[in-house]
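S.K.: Fold the following, please.
(chains A and B)
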Amino acid sequence: MSASSSTRQTLLRRRRGRVNWVAPLLVLLIAIAIAYLVSYLVLEPSRQFLLPPPHQVIAVFFDPATLSDIAVGLSRTALVAALGLAAAIIIGMAWAIAMSQARWVEDSLFPYAVILQCIPILALVPLIGFWFGYDLPARIVVCVMISLFPIVSNTLFGLRSTDPGQRDLFLLEKSSRWGRLWRLELPAAMPAVFAGLRIAAGLTIVGAIVGDFFFSRGTPGLGSLISTYQSRLQSPQLFAAIIAASLFGVLVFFAFGWLGRRVVGHWYDF
Amino acid sequence: MSAPQHLPVGREAGYPDPDPGRSLTERPRHPVLSFERAGLTFPTGTTALKDIDFDVLPGEFVTVVGPSGCGKSTLLRVASGLQTITDGDVRVATEKIGYVFQDATLLPWRSVRRNVELLAEIAGVPAAERAQRAADAIDLVGLTGFEQHYPRALSGGMRMRVSLARSLVRDPQLFLFDEPFGALDEITRERLNDELSSIFSLRRFTGLFITHSVAEAVYLGTRVIVMSGRPGTIRADIRIPESHPRDPDFRFSKEFAEVTSQVAHHLREGHSA
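M.R.: Purely as a prediction, here's the structure:
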């Protein structure tokens, strides 16, 4: 690590320490005011369901029946997302490690990682239902497919981020390939892996909710709830479910940020 | 240039010494490292080294000085086995080789102690012995108290000390240095030169030290080899009778000035050739 890069990192850290809460809060208040404005002044009362006044949405969170529906839906979505992410981590890291160990493996497998990233997963979802049933396994497959690429590409990038001097050092000491992977390449890859995980975790929630829209059997999660509310025009409930899904996404993003700092924070500003 | 000393070298030849209790002068003076008309031409046609011919004897600290791009780092890579030559022969009589790179090449996720233990860990040295050797090496480079620090909290000079300690743990018989202090400020560099000189006189390894600084080469070397580039060849081989550990005042002596001007003269000659 050069001196200039560590200076830059110190500056970044100092900047991060002074998070300004006032400005974003102000934006939120303005957004709420606009919502009220549109709800009461722009929309006719019969069309107010398109954008319910914010206090009606907030009220949903104090309605025990709806709240428990949302909580159950959220917990099922979280379970599907967690299983999907776990599978994606195992598959993605194994894929990247295999590619890092031999050029021919990378040459033959990397194009497919790119293709996986390029195909619109939504186009594949009906096929996934067709193949894996419309139950939990299919939901998990959607999550894996949507979150695999950032894990594969970030892990591979991380494994390759060692410098020639460090590799020479292991070469001179006649380290085995596994020793080098374990002591050099994997630890060096961790910052990139965690950056990838943070992205993948967000995507896997998208996958879990999207799966619900297509697969009706098994454990309907937040996605099923959202389509139910939408078809019944229960718009405050719909907004509440969307907000719950968003908050969950934000929570997961920060959780992985925290985890990343726990693991690599002592040597890398994550 | 010293005449090729002959050989056989290696364990058969009695080095490493079966009786380390004897003083160095009594040991059979078989070279630890010997280049015999060694040359290296890359597949691209560039000749990096040509007719390199010299021996490094046990207990010598040979410094190699030359302009950048003259192949002196390549010479070190050849000695370590990281690079194979295309002509002639290179013989290394020991497996215990230490290598200090231009950069400290520390693993930033490991503390100082764990960085110093790294090579012993790769070699499979048991944990208790590893910890003891690491503590000794950290003490030798003057970093006691910094064991739990991470590299990013250390200055450039301290990182180089960690790098030095990391190699010392393996107790090398042949110690190769690739411009290790080149990126440091002059004050830090001179201090590290003094410390390296005292570590050298304590541990009595055989050294091959690459540098682009004439003063550093003359101060540290028991012998200075002057190289010129394109292709890399040896211009001069000068002995320095001064003993280790060096007296810092050696830098201001008449002998130092004489050798320095001699080396500078050879460098200029090589440059105009």
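
S.K.: for chain A, what's the longest helix?
M.R.: Using DSSP state H to define each element, chain A has its longest helix at helix A:64-101.

S.K.: So which bits of the helix or strand following it are buried?
M.R.: Going down the chain from helix A:64-101, the next helix or strand is helix A:103-118, by DSSP states H and E. Buried residues in helix A:103-118, counted by 16 or more other CB atoms under 10 Å in any protein chain shown: A:106, A:110, A:113. Where you see a C-beta, it was placed from the backbone N, CA and C, and this is true even at glycine.

S.K.: packing partners for helix A:103-118?
M.R.: Contacts defined by 3 or more CB pairs under 8 Å, 6 or more residues apart in numbering or on different chains; DSSP states H and E place helix A:103-118 against helix A:64-101, helix A:136-159.

S.K.: With mean neighbour count added, can I get those in CSV?
M.R.: Formatted as CSV, the helices and strands packed on helix A:103-118 follow (neighbours: other CB atoms under 10 Å in any protein chain shown):
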stretch, mean neighbour count
helix A:64-101, 19
helix A:136-159, 24
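
S.K.: Can you name the residues that contact the residue of chain A found nearest chain B?
M.R.: Of the residues in chain A, the one nearest chain B is A:Gly165, at a distance of 3.8 Å by CB to the nearest CB. Listed by CB atoms under 8 Å, 6 or more residues apart in numbering or on different chains, the contact partners of A:Gly165 are B:101-103, B:105.

S.K.: do the same with A:Gly249
M.R.: Residues counted as contacts of A:Gly249 (CB under 8 Å, 6+ apart) are A:202, A:205.

S.K.: ditto for B:Lys254
M.R.: By CB under 8 Å, 6+ apart, the contact list for B:Lys254 is empty.

S.K.: sorry, back to before: leaving out chain neighbours, which residue sits closest to the residue of chain A closest to chain B?
M.R.: Among residues not flanking A:Gly165 along the chain, B:Thr105 sits closest, at 3.8 Å (CB to CB, 6 or more residues apart in numbering or on different chains).

S.K.: Counting neighbours, what do you get for the one you found?
M.R.: Per other CB atoms under 10 Å in any protein chain shown, the neighbour tally for B:Thr105 reads 21.

S.K.: Where does pLDDT dip in the stretch 51-200 of chain A?
M.R.: For the stretch 51-200 of chain A, applying pLDDT under 70 flags no range at all.

S.K.: Just say helix, strand or coil for the residue in the stretch 51-200 of chain B positioned nearest to chain A.
M.R.: Closest to chain A within the stretch 51-200 of chain B is B:Thr105: 3.8 Å, counting by CB to the nearest CB. With DSSP: H, G, I helix; E, B strand; the rest coil as the basis, B:Thr105 sits in coil.

S.K.: How about the contacts made by it?
M.R.: Shown in contact with B:Thr105 (CB under 8 Å, 6+ apart): A:163, A:165-166, A:168-169, B:163.

S.K.: Which residues of the stretch 101-250 of chain A lie near chain B?
M.R.: Proximity of the stretch 101-250 of chain A to chain B (CB under 8 Å from any CB of the partner chain) is limited to residues A:163, A:165-166, A:168-175, A:179, A:183-184, A:187-188, A:190.

S.K.: do that again at 7 Å, thanks
M.R.: The stretch 101-250 of chain A comes close to chain B at residues A:165-166, A:168-173, A:175, A:179, A:183, A:187, as judged by CB under 7 Å from any CB of the partner chain.

S.K.: Can you say which of these are buried?
M.R.: By neighbour count, with 16+ other CB under 10 Å, these hold A:165-166, A:168-170, A:172-173, A:175, A:183, A:187 as buried.

S.K.: now the residues you listed in JSON lines, with secondary structure?
M.R.: What follows is these, written out as JSON lines (three-state DSSP):
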{"residue": "A:Gly165", "secondary structure": "helix"}
{"residue": "A:Gln166", "secondary structure": "helix"}
{"residue": "A:Asp168", "secondary structure": "helix"}
{"residue": "A:Leu169", "secondary structure": "helix"}
{"residue": "A:Phe170", "secondary structure": "helix"}
{"residue": "A:Leu172", "secondary structure": "helix"}
{"residue": "A:Glu173", "secondary structure": "coil"}
{"residue": "A:Ser175", "secondary structure": "coil"}
{"residue": "A:Arg183", "secondary structure": "helix"}
{"residue": "A:Pro187", "secondary structure": "helix"}
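
S.K.: which of those sit farthest apart?
M.R.: Pairwise distances across those peak at 18.9 Å for A:Leu172 and A:Pro187 (criterion: CB to CB).

S.K.: if I pick residue 142, what's in contact with it?
M.R.: Unless you meant another one, I'm taking chain A. Residues near A:Val142 by CB atoms under 7 Å, 6 or more residues apart in numbering or on different chains: A:121, A:125, A:128, A:207, A:210-211.

S.K.: Can you look at chain B instead?
M.R.: So B:Gly142 contacts B:161, B:195 (CB under 7 Å, 6+ apart).

S.K.: helix/strand/coil for it?
M.R.: Assignment for B:Gly142 (three-state DSSP): coil.

S.K.: Ok, the one 5 residues further on next?
M.R.: For B:Glu147, the secondary structure call by three-state DSSP comes out as coil.

S.K.: Can you tell me, leaving aside adjacent residues, what's nearest to it?
M.R.: B:Arg113 (4.1 Å).

S.K.: Correct me if wrong: the one you found contacts B:Arg133.
M.R.: No. Applying CB atoms under 7 Å, one finds B:Arg113 not in contact with B:Arg133, separated by 11.1 Å.

S.K.: Next, name the residue at the spatial heart of chain A.
M.R.: Closest to where the C-alpha atoms of chain A average out (CA atoms, centre = their mean) is A:Gly202, at 1.4 Å.

S.K.: okay, that one: pLDDT?
M.R.: pLDDT recorded at A:Gly202 is 93.

S.K.: Can you give me every residue that contacts it?
M.R.: Contacts of A:Gly202 (CB under 7 Å, 6+ apart): A:249, A:252-253.

S.K.: can you tell me which of these are in helices?
M.R.: Short answer: these in helices (DSSP H) are A:249, A:252-253.

S.K.: would TSV of the contacts of B:Thr105 with distance to B:Ser253 be doable?
M.R.: Below are the contacts of B:Thr105 laid out as TSV (distance: CB to CB, whole Å):
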residue	distance to B:Ser253
A:Asp163	40
A:Gly165	36
A:Gln166	40
A:Asp168	37
A:Leu169	37
B:Ser163	30
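
S.K.: pretty sure B:Leu119 contacts B:Asp171?
M.R.: No. Between B:Leu119 and B:Asp171 there is no contact under CB under 7 Å: 10.4 Å.

S.K.: between these two, who's got more neighbours?
M.R.: Between B:Leu119 and B:Asp171, B:Leu119 has the larger neighbour count (other CB under 10 Å), namely 24 against 14.

S.K.: Would you mind giving the buried residues of helix A:103-118 as a markdown table with distance to B:Ala153 added?
M.R.: Listed next are those as a markdown table, based on distance: CB to CB, whole Å:
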| residue | distance to B:Ala153 |
| --- | --- |
| A:Glu106 | 36 |
| A:Phe110 | 37 |
| A:Ala113 | 37 |
